[in-house]
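Undergrad: I'd like to go over a predicted model; first the sequence, then the structure.
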Amino acid sequence: MFSNKVKGYLSLIASILINLIDGNLFSFPNLIPYYQSYLYYEYNNKEQISLMQLYFIAPVGMCIDMIFPIFMGFLDIKYGIRILTIFTTVCIYISQIIMYFSVKYYLLIISYIIYGLGVSATYYQSVKNCWKYFPDKKDLMSGIIFSSFGLGSFVFTSIADYIINPDNIPKEGKYYSKEISYRYLTYLKFFIICLVIIGAISIILNFPFEEENEIGNNNNEIIDIGNNKDIIVKENKNIPLKKIVLSLEFVKCLSIAGCTLIFGYLLSNIYRNFGIEKKLDENGMHTLSKVFTLLNTFSRIIWGIICHKFKFRIPYLIIIINQIICGCLIYFSAYKLATYFIVVCLAVLSYAGHVTLFPNLIWTKFGVEHSVILLGIVGIFNGLSALIGPFLTLFIKESKDYLITFLVGVAPSIVSLILTIFIKTNRMNIDEKNIKDIKEISEENENEEN
């Protein structure tokens, strides 16, 4: 009915929309002060769930989000992106219904496990589908779609602030007023309505990629095999998945991702509350939250363009060096809103840069076909990194020392820096048997053209 070009643009729109919903996963840390007050009144003016416990809710979802793409990758191959979009919409709907009707801590954890499971079904898979429709613009597709994920956090955090506390009224002691706190439920109703509408549109517009019967179809790519000339090959059919997973190069990729993200997750989880504890202006912290998520959103498009022009190594080295500097300065910058504002905004650029550049390293080195499964394996380590942040936050409660926590969080970035200097960024080595298979494919393509 539609050409692949039309299907590609419709799928891109669908991917942007479903990632807006997925990105709301990162809104919860920004809304913890409201939610904590709501729980306080629900438990009859008693604190049954501590702030430290609330810090674990979103990272649990992030952990599941990062781990389960390894399984969703196989489901994507078998069922396609449209079925996975249905799965995502249903999971997030169930998650938010649980949040609306329950205040039991174990159910809150379960709700975000379900949310993370839903996100894991479409986060990388939607990007992979668009990579296939736009093989010459993979970097740009990554930037656009990943930016929509970040935009989701900005949009829904801003809407939540407007619905719950439009006048930026400060807390009455430790909690917001009862009237403000119960508006959290109003916000949840709004989000559920948005979820149903946006999810339905995404399901309709998402088209799993299928090759057209024409020369130079979109599922071919050109690679360099050393002394041999560049030849057209089918997506990654030449490199077995087992060989990739057991390779030293993939282990390096695992280490880079895990070490870089520890500080990124820590920053996202506590920067707002740390600023509030330092008695920084409430309105200023609201503004910082909006700017933080905007930068996390739109800088991903810029990082995608930079990656397309300069490839991986140089931009990623800049990302890590910037993160190390910001991690060392963030504690000292909090004496004043302006300096804290600058350091936090610079730090989030590194987080956004990693999220955009790293998936492109995976498909560049190992091909598109296995990319979601490989990113799922990487996600296991990323998930562990996501949980390190709350444990470091728990350390804050015991020691009251944010400085040590920030320094411990940023230290693994030094490992990432060293590995990035030495990692190979070109396509994974292909042995003689693979080269023979590739040449046969190339000859078949030449015969088809003739």
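TA: Great, that's in hand.
Undergrad: neighbouring contacts of stretch 306-325?
TA: For stretch 306-325, the external contacting residues (C-beta atoms under 8 Å, 6 or more residues apart in numbering) are 137, 139-140, 142-143, 260, 263-264, 303, 346-347, 349-351, 353-354, 356-358, 360-361, 364, 410, 413-414, 416-417, 420-421, 423, 425. Where C-beta positions appear, they are placed from N, C-alpha and C, glycine not excepted.
Undergrad: now do stretch 100-110
TA: Contacts of stretch 100-110 from elsewhere in the structure, counted by C-beta under 8 Å, 6+ apart, are 39, 42-43, 48-49, 53, 56-57, 60, 98-99, 111, 185, 188-189, 192.
Undergrad: got the buried residues for it?
TA: Taking 16 or more other C-beta atoms under 10 Å as the neighbour-count basis, stretch 100-110 is seen to contain the buried residues 105, 108, 110.
Undergrad: ok, so of the residues you listed, who is nearest I163?
TA: Compare each of the buried residues of stretch 100-110 with I163 using C-beta to C-beta and the shortest gap goes to L108, at 20.2 Å.
Undergrad: hang on, that closest one in a helix?
TA: Yes - with the criterion set as DSSP: H, G, I helix; E, B strand; the rest coil, the secondary structure at L108 is a helix.
Undergrad: could you point out which element follows the helix or strand that contains A160?
TA: Mapping A160 onto the secondary structure by DSSP states H and E places it in helix 138-164. Toward the C-terminus, helix 138-164 is succeeded by helix 178-205 as the next helix or strand (DSSP H and E).
Undergrad: which other helices and strands contact that following helix?
TA: Secondary-structure packing of helix 178-205 (3 or more C-beta pairs under 8 Å, 6 or more residues apart in numbering; DSSP states H and E): helix 4-23, helix 28-42, helix 81-101, helix 138-164.
Undergrad: lowest mean pLDDT across those, which one is that?
TA: Mean pLDDT across the helices and strands packed on helix 178-205 is lowest at helix 138-164; the value there is a mean of 85.
Undergrad: packing partners of that one?
TA: Helix 138-164 sits against helix 4-23, helix 28-42, helix 123-133, helix 178-205, helix 282-310, helix 337-366, with contacts defined as 3+ C-beta pairs under 8 Å, 6+ apart.
Undergrad: gap between it and the chain center?
TA: Between the centre of helix 138-164 and the centre of its chain there are 11 Å (C-alpha atoms, centre = their mean, to the nearest Å).
Undergrad: what's the pLDDT at E211?
TA: Per the predicted model, pLDDT is 66 at E211.
Undergrad: also P390?
TA: Per-residue confidence at P390 stands at 64 (pLDDT).
Undergrad: circling back to that earlier point, JSON lines for the helices and strands packed on helix 138-164, including distance to D76 and mean neighbour count?
TA: Rendered in JSON lines, the data for these read as follows (distance: least, C-beta to C-beta, whole Å; neighbours: other C-beta atoms under 10 Å):
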{"stretch": "helix 4-23", "distance to D76": "13", "mean neighbour count": "22"}
{"stretch": "helix 28-42", "distance to D76": "26", "mean neighbour count": "21"}
{"stretch": "helix 123-133", "distance to D76": "5", "mean neighbour count": "27"}
{"stretch": "helix 178-205", "distance to D76": "15", "mean neighbour count": "17"}
{"stretch": "helix 282-310", "distance to D76": "22", "mean neighbour count": "19"}
{"stretch": "helix 337-366", "distance to D76": "14", "mean neighbour count": "22"}
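Undergrad: circling back to that earlier point, ok and the helix holding A160 relative to helix 4-23, angle-wise?
TA: An angle of 40 degrees separates the directions of helix 138-164 and helix 4-23 when computed by axes from the mean of the first three to the mean of the last three C-alpha atoms, to 10 degrees.
Undergrad: ok, for Y40, nearest residue in space, not its chain neighbours?
TA: Sequence neighbours aside, Y175 is the residue nearest to Y40 in space, at 5.1 Å (criterion: C-beta to C-beta, 6 or more residues apart in numbering).
Undergrad: could you do R183 as well?
TA: By the measure of C-beta to C-beta, 6+ apart, the closest residue to R183 outside its immediate chain neighbours is I164, 4.3 Å from it.
Undergrad: ok so, going back, any idea of the angle the helix holding A160 forms with helix 123-133?
TA: Note on geometry: by the same axes, to 10 degrees, helix 138-164 and helix 123-133 are set 140 degrees apart in direction.
Undergrad: for G116, give me its contacts.
TA: For G116, the set of contacting residues under the criterion of C-beta under 8 Å, 6+ apart consists of 25, 60-65, 68.
Undergrad: likewise L375?
TA: Taking C-beta under 8 Å, 6+ apart as the contact definition, L375 lies against 69, 73, 124, 359, 362.
Undergrad: wait, the first one touches V372, no?
TA: Looking back up the chat, that one is P69. Yes - the pair P69 and V372 qualifies as a contact (C-beta atoms under 8 Å) at a distance of 5.7 Å.
Undergrad: now the common contact residues for these two.
TA: Any residue near both P69 and V372 by C-beta under 8 Å, 6+ apart counts here, and that gives 124-125.
Undergrad: what's the first helix or strand after the lowest-mean-pLDDT helix or strand in the chain?
TA: Among the helical and strand segments of the chain, the one scoring lowest on mean pLDDT, DSSP states H and E is strand 231-234, with a mean of 42. The element immediately downstream of strand 231-234 (helix or strand, assigned by DSSP H and E) is helix 241-245.
Undergrad: which residues touch stretch 251-258?
TA: If you take C-beta under 8 Å, 6+ apart as the criterion, stretch 251-258 is touched by 354, 358, 361-362, 365, 377-378, 381-382, 384-385, 412, 415-416, 419-420, 422-423.
Undergrad: where does pLDDT dip in this structure?
TA: Applying pLDDT under 70 to the chain flags the ranges 1, 211-239, 383, 385-387, 389-400, 429-450.
Undergrad: now with 50, please.
TA: In the predicted model, the chain carries pLDDT under 50 at residues 214-220, 222-237, 432-442, 444-445, 448-450.
Undergrad: tell me the contacts of the residue most central in space within it?
TA: By C-alpha atoms, centre = their mean, the chain has its centre lying nearest to V355, at 6.0 Å. When the contact criterion is C-beta under 8 Å, 6+ apart, the partners of V355 are 146, 149-150, 300.
Undergrad: at 10 Å what do you get?
TA: If you count contacts by C-beta atoms under 10 Å, 6 or more residues apart in numbering, V355 has them with 142-143, 146-147, 149-150, 260-261, 264, 296, 299-300, 303.
Undergrad: now it: how far from N45?
TA: In this structure, V355 and N45 are 41 Å apart, going by C-beta to C-beta, to the nearest Å.
Undergrad: same question for Y9.
TA: Note on Y9: its distance to N45, by C-beta to C-beta, is 54 Å.
Undergrad: now swap in Y176 and tell me
TA: Taken as C-beta to C-beta, the spacing of Y176 relative to N45 amounts to 13 Å.
Undergrad: please identify which of these two sits among more neighbours.
TA: Counting neighbours by other C-beta atoms under 10 Å for Y176 and for N45 shows that Y176 has the greater number, 24 against 9.
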